[in-house]
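what follows is a predicted structure for the sequence shown.
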Amino acid sequence: DIVRNSRLVRGNSKAGIQSAYDMLRESVRRIAEKRRGRMWLWEGDGGIAAFHYAHPAMSAVLCGMEILNDLSVYNLTDNPLDRDLLVRVAVHAGFVHYTDDAASLLREECVKELCEIEEGWTAPGSMSVSASIAPHIDGIIKDTLRPLDIDSPRELLGYSLGLAESACKAPKGRQA
């Protein structure tokens, strides 16, 4: 989901918005399909991708990480907007009956939980991962995730470029 979508639309040219949003949609589609995922829904400023082959939890987390990383480079190099294009990414697992009817898909319990995580507890420019995903991802990737210190009924892990950088820094007093 694009952060502050309405503000971006009001503050930028139609051509700039179209270019940035098309890039984002195509990037998300490409990244998801590279990991055997599929776009199930895209509504202007965000979408839902589903992963159900091989290692779906790992694929979904890596997809979210790559989206954030690619968007960071885009903001530094090609972004035509008056501010950074930021997204909130959420990863959650559960059973969903697929339908091409967007309204029906959004009524699925797992999708409602996913939207709740993204809207309620995911910071701009970051990814939230539900704890149900954690046992299914590789330890090296799990080490880049940090427990989110938020008031949420769910246990959530977070990823952002800032979190990844701090995980790689040497402890104070020691140089790498």
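Looks like it came in fine.

Val87 contacts Ile67, correct?
Yes - between Val87 and Ile67 there is a contact at 6.8 Å, judged by C-beta atoms under 8 Å. Bear in mind the C-beta positions are built from the backbone N, C-alpha and C, glycine included.

any idea how far Ser132 is from the spatially most central residue of the chain?
Compute the mean C-alpha point of the chain, and by C-alpha atoms, centre = their mean the closest residue is Val89, 2.1 Å away. Distance, Val89 to Ser132, by C-beta to C-beta, to the nearest Å: 16 Å.

now swap in Lys34 and tell me
24 Å.

what's the answer for Ala57, then?
Counting by C-beta to C-beta - Ala57 and Ser132 are separated by 8 Å.

how about His55?
15 Å.

what are the ranges of the helices in the protein?
5-11, 14-34, 56-77, 102-106, 109-121, 139-142, 161-168 (DSSP state H).

where does this protein have low pLDDT?
By pLDDT under 70, the low-scoring segments of the chain are 163-176.

ok, back up a step: tell me which of Lys34 and Ser132 has more neighbours.
Ser132 (15 against 12; other C-beta atoms under 10 Å).

flag every buried residue along stretch 26-35.
28-29, 31-32, 35 (16 or more other C-beta atoms under 10 Å).

same question, stretch 5-23
Those buried within stretch 5-23 under the rule 16+ other C-beta under 10 Å are 8-9, 12, 16-17, 19-21, 23.

farthest pair in those residues?
Val9 and Met23 (15.4 Å; C-beta to C-beta).

nearest spatial neighbour of Ala54, skipping sequence neighbours?
Leaving out its chain neighbours, the residue that sits closest to Ala54 by C-beta to C-beta, 6 or more residues apart in numbering is Arg36, at 6.3 Å.

so that neighbour touches Phe51, yeah?
Yes - the pair Arg36 / Phe51 is scored as a contact, 6.8 Å apart, by C-beta under 8 Å.

what touches both of the two?
Common neighbours of Arg36 and Phe51 (criterion: C-beta atoms under 8 Å, 6 or more residues apart in numbering): Ser59.
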